[in-house]
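fold the stuff below for me.
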Amino acid sequence: MPTPAGAMDRITGLANEATGSVKQGLGDLTDDRGLQAEGKVQELKGRVQQGIGETKDAAETARSRF
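Purely as a prediction, here's the structure:
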């Protein structure tokens, strides 16, 4: 069951993933390796944030069952 805290982490994670993807694309177009790397890091950060949100939701669901 989604929780408010989990939802915020997932939304923020999705935003970071999207922004990172755009940065990577711009880095590819401009041959800017720094921007490409920055985009990859931000995309990974977004994936981690989404995982944290999913973990919070799973923990809350498990806690509510007891």
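
roughly how far apart are Gly39 and Gly27?
Summarising the geometry, the distance separating Gly39 from Gly27, computed by Cβ to Cβ, to the nearest Å, is 6 Å. For every residue, glycine as well, the C-beta is placed using N, CA and C.

neighbour count: these two, which is higher?
For Gly39 against Gly27, the residue with the higher neighbour count under other Cβ atoms under 10 Å is Gly39, and the figures read 21 against 18.

which strand or helix spans Thr55?
Assigned by DSSP states H and E, Thr55 belongs to helix 33-65.

tell me, what residue is most central in the chain?
Residue closest to the mean C-alpha point of the chain, counted by Cα atoms, centre = their mean, is Gly46 at 1.8 Å.

residues contacting it?
Taking Cβ atoms under 8 Å, 6 or more residues apart in numbering as the definition of contact, the neighbours of Gly46 are Thr12, Gly13, Leu14, Ala15, Asn16, Glu17, Ala18, Thr19, Gly20.

at 7 Å what do you get?
Counting by Cβ atoms under 7 Å, 6 or more residues apart in numbering, Gly46 makes contact with Gly13, Leu14, Asn16, Glu17, Gly20.

now a ChimeraX select for only the buried ones of these.
Selecting the buried subset of the contacts of Gly46 in ChimeraX, with 16 or more other Cβ atoms under 10 Å as the burial test, is done by:
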select :13,16,17,20
